[in-house]
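Trainee: Give me a 3D structure for the following:
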Amino acid sequence: MWRQEHPDADLQDIPGDLVTTSASGLDPHITLQNARYQLDRVAAKWAANTKRDQASVNKEIEQILQENSSAPFAGLAGEKFN
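Mentor: Purely as a prediction, here's the structure:
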């Protein structure tokens, strides 16, 4: 319905878990794709708040994501989560 009312709106591909919730709504995990989708916005805000270079903050966050992501069931199924 929204699309019919806004046929000229530009659409973006976004991670599914960015617009859905878990059954309880309390799941703290997001996909690595979701985290990366938000990376530039988060890094920009963090850089502004700490008066640091956004590129270095972006790199630091990416490293944190890599160190703390894992796939469900010890990597046997699904994509990596953060």
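Trainee: rest of the way, CA atoms for contacts and neighbours
Mentor: Will do.
Trainee: can you pull the buried residues of stretch 5-21?
Mentor: residue 15 (16 or more other C-alpha atoms under 10 Å).
Trainee: chain center to that stretch, what's the gap?
Mentor: What separates the centre of stretch 5-21 from the centre of its chain is 14 Å, taken as C-alpha atoms, centre = their mean, to the nearest Å.
Trainee: just stretch 37-46 next, same as before
Mentor: That offset, for stretch 37-46, works out to 9 Å (C-alpha atoms, centre = their mean).
Trainee: Give me the residues contacting it.
Mentor: 14-15, 54-55, 57-58, 61-62 (C-alpha atoms under 8 Å, 6 or more residues apart in numbering).
Trainee: If we use 10 Å, what do you get?
Mentor: Outside of stretch 37-46, the residues within contact range by C-alpha atoms under 10 Å, 6 or more residues apart in numbering are 13-15, 18, 31, 33, 35-36, 47-49, 51-62, 65.
Trainee: Please flag which of these sit within helices.
Mentor: Judged by DSSP state H, helices contain the following of those: 18, 33, 35-36, 47-49, 54-62, 65.
Trainee: circling back: just the buried ones from the contacts of stretch 37-46, in PyMOL syntax?
Mentor: Listed next is the PyMOL selection for buried residues among the contacts of stretch 37-46, using 16+ other C-alpha under 10 Å:
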select buried, resi 15+31+33+35+36+47+54+57+58+61+62+65
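Trainee: other SSEs contacting the least confident helix or strand in the chain by mean pLDDT?
Mentor: Sorting the helices and strands of the chain by mean pLDDT, DSSP states H and E puts helix 16-19 at the bottom, at a mean of 83. With contacts taken as 3 or more C-alpha pairs under 10 Å, 6 or more residues apart in numbering; DSSP states H and E, helix 16-19 sits against helix 32-50.
Trainee: In PDB, list the C-alpha atoms belonging to the helix it packs on.
Mentor: Provided in PDB are the C-alpha atoms of helix 32-50 (Å, rounded to 0.1, in the frame of the first residue of the first chain):
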ATOM      1  CA  LEU A  32      27.000  -9.000  10.500                       C
ATOM      2  CA  GLN A  33      25.300  -7.600   7.300                       C
ATOM      3  CA  ASN A  34      23.000  -5.500   9.600                       C
ATOM      4  CA  ALA A  35      26.000  -4.200  11.600                       C
ATOM      5  CA  ARG A  36      27.900  -3.200   8.500                       C
ATOM      6  CA  TYR A  37      24.800  -1.500   7.100                       C
ATOM      7  CA  GLN A  38      24.800   0.800  10.100                       C
ATOM      8  CA  LEU A  39      28.600   1.100  10.300                       C
ATOM      9  CA  ASP A  40      29.100   4.500   8.600                       C
ATOM     10  CA  ARG A  41      26.400   6.200  10.600                       C
ATOM     11  CA  VAL A  42      27.600   4.800  13.900                       C
ATOM     12  CA  ALA A  43      31.300   5.600  13.100                       C
ATOM     13  CA  ALA A  44      30.400   9.200  12.100                       C
ATOM     14  CA  LYS A  45      28.600   9.800  15.400                       C
ATOM     15  CA  TRP A  46      31.200   8.100  17.500                       C
ATOM     16  CA  ALA A  47      34.000  10.100  15.700                       C
ATOM     17  CA  ALA A  48      32.100  13.400  16.200                       C
ATOM     18  CA  ASN A  49      31.500  12.600  19.900                       C
ATOM     19  CA  THR A  50      35.200  11.600  20.500                       C
END
